[in-house]
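K.L.:
just to be clear, the model below is a prediction. Sequence and coordinates:
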Amino acid sequence: MTYDCVITGSGPAGLAAAFRLLEKKPNARILLLESARISSGGLRNDCKMNFTFPIGFPLEYWDEKTASAYLGDIESFLGPKILDQQNIGVYEKRAERIGVKLLKIRQAHLGTDGGIVLIKKLVGELTEKQVEFAFGETLVSADTGAHRAVTSKREVSYGSLIVAPGRSGCDFLRSFMAATGIPYTDNSIDVGLRVETTLERYPIVRDYYDPKFLFPDKTRTFCTNSGSAHVVQEKYTTLNGSVYYSVNGHAYSENSAPNGLVNFALLRTVSFTEPIASGQDYAEMLASMAMLAGGGHPIMQRIGDFRLGQRTTRGGLNGDLYDFEPTLGSATPGDIALAMPSKFLESIWQSLKKLDTIVPGVLHPSTIMYYPEIKLYANKPVFLSDSFMAAEDLYLVGDGAGTSRGITGAWASGMRAADGILRRQGRP
Ligand SMILES: Cc1cc2nc3c(=O)[nH]c(=O)nc-3n(C[C@H](O)[C@H](O)[C@H](O)COP(=O)(O)OP(=O)(O)OC[C@H]3O[C@@H](n4cnc5c(N)ncnc54)[C@H](O)[C@@H]3O)c2cc1C
């Protein structure tokens, strides 16, 4: 069977590539491979979308003009309801005084339930346009010379191949690039923790859904959730087969009953030079260390205990500081300092203290920190073109390939790859 384009991954990058190709070439024969049984990409999680550069756009691949043009297209296509931001001047001034920047970002929030509705709509529209969805089918390898792709079920020929396996596909992408001879670097990681507290102690979210603070030392707040907000864990398997969990957060839409809690990540980016060859290996080692200290689960620690240099215990969670139940109850009460290197812990703690100056109350003793939250954006292919072509007619995009860090960035990178394909076919 021959397809004009085989797309791997039904996340925002893969879906966007399909829409863009069909917009300019309505009869294109497209196969969309998705290893999960349903469309399971990241639109399914919280689905807050950022419409301001540079949020979600790695600066090594994007400039403001290019990204903003794509953001305009995405906004017209998805028609999101942009959230209001009010009363943030006071926070901005406080931040400025202590060397912190509060970025003003245009945002929309669908929530996890709203994201599922959107996915169904998008998959339905593409199916109507004759895109062939192959759920439960995984891309295994490709012969770029012969333009043939091998999946878990068959072998197909393609005109172009777009691979967008997301963050959970980092390991797959690494082996895939090694097998197809695509050089890549893998030298930066984001490591941090997730903070959970009550709405009263982080009231800024009433005025700004996902406030983006930039602290010194490449540390930043990331992915704030409120309303009906939950901390969750994601399962990963390292290359040598051990399992670890990274925490994350999401919230349901405004139609869901609020639980009065807020969670957000504080992440620090570190870029390695020699002799560390692989940021991903390093991150996996850190995660394994956290699993060791947490008995196979992420660790949670109350701020009050952390300040005193002592671990949190299950009993302590039921003491007089107990004024909200941790939403990730399976996390192990413990001591984060046992597992997190001081390079990360120091800058994150300094940033938290600054944040408490800007939004007083966030460092209440009952606030919980969960560790680890690790973002693997580590595979950076050496691209042959600015539309993310990494080998003849093979495009690597989305969070897994490091061309994006979020839904809108992933969507834009899928469109940009599709534009590259169309240009090669003489369709500007
Ligand atoms: C809990 C959580 C909350 C998040 N909240 C937000 C948010 O609010 N806002 C935001 O901007 N970002 C958020 N993100 C990040 C966002 O999900 C990603 O930035 C985005 O989904 C990346 O899109 P992508 O298309 O690159 O990959 P993904 O959306 O991850 O999609 C990749 C798809 O490829 C499939 N796949 C992988 N390997 C293969 C293979 N070999 N063959 C076939 N299929 C394969 C996977 O099953 C997956 O469905 C969140 C992530 C998580 C985990």
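P.N.:
Perfect, I can see it now.
K.L.:
separation between the residue nearest to Tyr184 when sequence neighbours are not counted and the ligand?
P.N.:
Sequence neighbours aside, Pro381 is the residue nearest to Tyr184 in space, at 4.7 Å (criterion: Cβ to Cβ, 6 or more residues apart in numbering). In this view, the C-beta of every residue, glycine as well, is placed from N, C-alpha and C. Pro381 sits 13 Å away from the ligand, going by Cβ to the nearest ligand atom, to the nearest Å.
K.L.:
I'd say Pro381 and Ala401 touch.
P.N.:
Yes. With contact taken as Cβ atoms under 8 Å, Pro381 and Ala401 are classed as touching, separated by 5.9 Å.
K.L.:
those two - which one has more neighbours?
P.N.:
Using other Cβ atoms under 10 Å, the more surrounded residue of Pro381 and Ala401 is Ala401, with 30 against 25.
K.L.:
what sits opposite Ala134 in the beta ladder?
P.N.:
Leu33 (DSSP bridges).
K.L.:
how about the residues of the stretch 201-350 of the chain near the ligand?
P.N.:
For the stretch 201-350 of the chain, the contact set with the ligand under Cβ under 6 Å from any ligand atom comprises 223, 232, 234, 248, 250.
K.L.:
mind listing what the last one touches?
P.N.:
Each residue near His250 by Cβ atoms under 8 Å, 6 or more residues apart in numbering is listed here: 45-46, 111-112, 225, 229-230, 232.
K.L.:
and it, what's its pLDDT?
P.N.:
According to the per-residue confidence, His250 scores 94 in pLDDT.
K.L.:
right, and the helix or strand after whichever strand or helix holds it?
P.N.:
Using DSSP states H and E, His250 falls within strand 243-252. Following the chain from strand 243-252 toward its C-terminal end, the next helix or strand by DSSP H and E is strand 261-271.
K.L.:
tell me the helix or strand right after that next one.
P.N.:
Using DSSP H and E, the helix or strand that follows strand 261-271 in sequence is helix 279-293.
K.L.:
sorry, back to before: pull the most distant pair out of the contacts of His250.
P.N.:
Between all members of the contacts of His250, the longest pairwise span (Cβ to Cβ) is found for Gly111 and Val232 and amounts to 13.7 Å.
K.L.:
okay, these two: which has more neighbours?
P.N.:
The residue with the greater number of neighbours, taking Gly111 and Val232 and applying other Cβ under 10 Å, is Gly111; the counts read 23 against 20.
K.L.:
and that one, how far from Asp217?
P.N.:
Using Cβ to Cβ, to the nearest Å, Gly111 is found at 32 Å from Asp217.
K.L.:
kindly report the same for Asp419.
P.N.:
36 Å.
K.L.:
which of those two has more residues huddled nearby?
P.N.:
Taking Asp419 and Asp217 together and counting by other Cβ under 10 Å, Asp419 has the greater number of neighbours (19 against 15).
K.L.:
check which helix or strand covers that one.
P.N.:
For Asp419, the host element (DSSP H and E) is helix 407-424.
K.L.:
and that helix, what's buried?
P.N.:
Counting neighbours by 16 or more other Cβ atoms under 10 Å, one finds that the buried residues in helix 407-424 are 407-422.
K.L.:
go on, stretch 173-181?
P.N.:
In stretch 173-181, the ones that count as buried by 16+ other Cβ under 10 Å are 173-174, 176-177, 180.
K.L.:
what is the nearest of those residues to Ala265?
P.N.:
Taking Cβ to Cβ as the measure, Leu173 is the one of the buried residues of stretch 173-181 closest to Ala265, at 22.9 Å.
K.L.:
what sits against the closest one?
P.N.:
Contacts were defined as Cβ under 8 Å, 6+ apart; by that measure Leu173 touches 163, 165, 379, 396, 400-401.
K.L.:
average pLDDT across the helix or strand where it lies?
P.N.:
Leu173 belongs to helix 170-180 when elements are defined using DSSP H and E. Rounded to a whole number, the mean pLDDT of helix 170-180 is 91.
K.L.:
chain center to that helix: distance?
P.N.:
Here helix 170-180 shows a centroid-to-chain-centroid distance of 19 Å under the convention Cα atoms, centre = their mean, to the nearest Å.
K.L.:
again with stretch 331-343
P.N.:
With Cα atoms, centre = their mean as the basis, the mean position of stretch 331-343 lies at 22 Å from the chain mean.
K.L.:
in it, what counts as buried?
P.N.:
Using 16+ other Cβ under 10 Å as the test for burial, stretch 331-343 gives 331-337, 339-340.
K.L.:
what's the single longest strand in the chain?
P.N.:
Ranked by number of residues, the top strand in the chain under DSSP state E is strand 219-237.
K.L.:
now it: buried residues?
P.N.:
Buried-residue list, strand 219-237, by 16+ other Cβ under 10 Å: 219-233, 236.
K.L.:
one more: stretch 70-82?
P.N.:
For stretch 70-82, using 16+ other Cβ under 10 Å, the buried residues are 70-71, 73-75, 78, 80.
K.L.:
show residues contacting that stretch.
P.N.:
16, 19, 49, 51-53, 106-108, 110, 118, 408, 411-412, 415-416.
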